[in-house]
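Novice: Let's see this in three dimensions:
(one chain, ligands or ions: 2)
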Amino acid sequence: MTQRIAVLGATGSIGDSTLAILAMHPDEFDVYALSGHQRLDKLLILCQQFRPQRVCVPTAATHDFAKRLQNAGLDTDVVGGETGLIDIATDNQTDTLVAAIVGAAGLPSTLAAARAGKRILLANKEALVMAGAVMTNAVKMHNATLLPLDSEHNAIFQCLPPEIQRDTTQIHAPKYGVRKLWLTASGGPFLQQTFAQMQQAGVAEAIKHPNWSMGQKISVDSATMMNKGLELIEACHLFDLSEDKINVVIHPQSIIHSMVEYSDGSFLAQLGSPDMKTPIAHALSYPERMDSGSQPLDLYALSGLEFIEPDLQKFACLRLARTAMQAGTQATIVLNAANERAVSAFLAGRIRLTDIADINEQALNQVSTGSLGHDADIEEIMAIDKVARKRTDTLIMKLA
Ligand code: NAD
Ligand code: MG
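Specialist: Ligands and ions are numbered 1, 2, ... in the order given. Reported below is the predicted structural model:
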């Protein structure tokens with residue numbers, strides 16, 4: 001049966017990789033809906049190519065975009081803003097949601113999809129950082145399916161037995177022998193540079209990732225290693241583990257995408273070219289396999305694989321993520337919000353790259369610890385997020 005797919009965040013980097021795979025398999029997948037926030041010219045071209053039934057754009061752009069579609073001879077249904085995203089995510093016709101919006105903006109539609117019992121392919125890690133237990137609880141209660149697209153989490157998922165893949169709470173059963181998870185990190189563009197050099201880095205250097213081609217925000221997060229911090233929190237929620245069961249190791253070649261350590265001393269790893277098409281194809285076709293169009297790994301051409309312990313002074317964001325995870329949901333919401341504001345201030349040239357960690361730490365110091373209930377509502381989460389953003393903007397203003 002054809003799987004009907006909604007790609008929210010279709011104009012971004014994950015959107016590109018997803019649509020490239022969907023275009024290769026027209027008989028298995030139907031592109032039912034798309035969304036884009038900026039670059040609406042690109043979204044129009046995607047609508048012409050994939051002919052989705054529905055499309056979501058920012059509310060202010062709905063009228064104009066509907067006209068442009070009409071002029072192009074398309075009768076696509078146009079919806080707008082957050083309610084439009086939720087409408088698509090919960091639509092009866094949507095089988096699978098590819099959650100590829102960046103940042104907190106992706107949370108409401110992803111959570112709504114969980115509550116509507118959808119199959120969710122999650123790239124939007126910020127949703128889990130903000131709403132971890134609320135999201136995993138919604139998945140369980142409403143019989144939804146959550147499959148990780150983030151390459152590290154997808155790798156770990158692949159290295160776990162099917163019993164744990166189906167029910168992650170089984171990860172605690174001694175018979176499966178899971179001892180630890182190992183998240184690999186590239187170390188980003190500043191791995192070989194000093195803190196002082198990192199301090200002077202401009203935007204162009206910071207977003208030039210050595211191995212992966214990605215959107216701006218996650219590229220900056222990779223440079224500060226906040227990305228690995230967010231992924232640590234993401235992994236705790238996805239795999240039902242406390243942060244001390246998850247190690248981070250720098251592996252500059254990005255060939256091993258992560259590992260599971262077992263009680264008998266086995267380490268299971270997933271390897272591949274650094275190309276998001278592999279984890280996306282895995283999740284789209286799970287539990288089967290299909291061609292992703294990515295370059296096969298050339299093992300003869302690999303000169304060596306390195307593993308390095310991260311320097312938590314240089315990459316303080318990684319340390320902050322552990323602190324926040326120990327403190328609870330309020331702290332992880334605040335850390336995510338502060339980081340989003342700090343990254344956009346850096347991209348706007350207002351603060352230095354290394355200021356991001358300082359700002360995140362100051363924002364974290366302002367929160368009272370505590371977790372939200374499993375059934376907390378989205379308004380509660382967004383309210384904490386909003387206050388944190390305001391406070392962070394004040395911190396940035398003082399610094400800039
Ligand atoms: P991107 O910046 O390339 O694309 C982001 C998408 O979100 C675009 O379609 C944009 O229009 C949309 N968007 C932005 N702001 C929005 C808003 N306020 N409301 C609605 N839509 C909005 O980002 P990306 O690199 O594709 O990353 C997307 C998500 O996937 C992020 O959460 C990122 O952490 C995660 N991720 C990305 C990669 C990667 O290789 N790019 C790998 C793992 C995880
Ligand atoms: Mg990742």
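Novice: contacting residues for the nearest residue to Leu8 once chain neighbours are set aside?
Specialist: Counting by Cβ to Cβ, 6 or more residues apart in numbering, the nearest residue to Leu8 once its immediate chain neighbours are dropped is Ser35, at 4.6 Å. (Glycine included, C-beta is placed from N, CA and C.) Applying Cβ atoms under 8 Å, 6 or more residues apart in numbering to Ser35 gives the contacts 6-10, 43, 55-57, 84-85, 88, 101.
Novice: Just the pLDDT at Ser35, thanks.
Specialist: Model confidence at Ser35, given as pLDDT, is 98.
Novice: Quick one: low-confidence residue ranges for the stretch 51-200 of the chain.
Specialist: Residues of the stretch 51-200 of the chain meeting the criterion pLDDT under 70: none.
Novice: Run through the residues of this protein sitting next to ligand 2.
Specialist: 150-152 (Cβ under 5 Å from the ion).
Novice: re the thing from before, quick one: which of the contacts of Ser35 has the most company?
Specialist: Counting by other Cβ atoms under 10 Å, Cys56 has the largest number of neighbours within the contacts of Ser35, with 32 neighbours.
Novice: could you say what helices and strands the helix or strand encompassing Leu147 packs with?
Specialist: Using DSSP states H and E, Leu147 sits in strand 145-148. Here strand 145-148 touches strand 119-122, helix 125-141, helix 151-159, helix 226-239, helix 277-285, going by 3 or more Cβ pairs under 8 Å, 6 or more residues apart in numbering; DSSP states H and E.
Novice: circling back: secondary structure and distance to Ala348 for the contacts of Ser35 - can I get that in JSON lines?
Specialist: As requested, the contacts of Ser35 are arranged in JSON lines below (DSSP: H, G, I helix; E, B strand; the rest coil; distance: Cβ to Cβ, whole Å):
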{"residue": "Ala6", "secondary structure": "strand", "distance to Ala348": "31"}
{"residue": "Val7", "secondary structure": "strand", "distance to Ala348": "28"}
{"residue": "Leu8", "secondary structure": "strand", "distance to Ala348": "25"}
{"residue": "Gly9", "secondary structure": "coil", "distance to Ala348": "22"}
{"residue": "Ala10", "secondary structure": "coil", "distance to Ala348": "25"}
{"residue": "Leu43", "secondary structure": "helix", "distance to Ala348": "24"}
{"residue": "Val55", "secondary structure": "strand", "distance to Ala348": "29"}
{"residue": "Cys56", "secondary structure": "strand", "distance to Ala348": "26"}
{"residue": "Val57", "secondary structure": "strand", "distance to Ala348": "24"}
{"residue": "Gly84", "secondary structure": "helix", "distance to Ala348": "28"}
{"residue": "Leu85", "secondary structure": "helix", "distance to Ala348": "25"}
{"residue": "Ile88", "secondary structure": "helix", "distance to Ala348": "31"}
{"residue": "Ile101", "secondary structure": "coil", "distance to Ala348": "21"}
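Novice: near ligand 1, from those?
Specialist: Taking Cβ under 6 Å from any ligand atom as the test, ligand 1 is in contact with 9-10, 101 out of the contacts of Ser35.
Novice: residues from this protein in reach of ligand 1?
Specialist: Checking the chain against ligand 1 by Cβ under 6 Å from any ligand atom, the hits are 9-15, 36-38, 100-102, 105, 123-126, 150, 212, 214-216, 218, 276.
Novice: Once you drop chain neighbours, what's closest to the closest residue to ligand 1 within the stretch 101-250 of the chain?
Specialist: As assessed by Cβ to the nearest ligand atom, ligand 1 sits closest to Gly215 within the stretch 101-250 of the chain, at 2.5 Å. Counting by Cβ to Cβ, 6+ apart, Gly215 lies nearest to Ser13, which is 4.8 Å off, once chain neighbours are set aside.
Novice: try His37
Specialist: Of all residues not flanking His37 in the chain, Pro58 sits nearest, at 5.9 Å (Cβ to Cβ, 6+ apart).
Novice: so who does Asn360 touch?
Specialist: The neighbourhood of Asn360, defined by Cβ under 8 Å, 6+ apart, consists of 226, 317, 320, 335, 338-339, 342.
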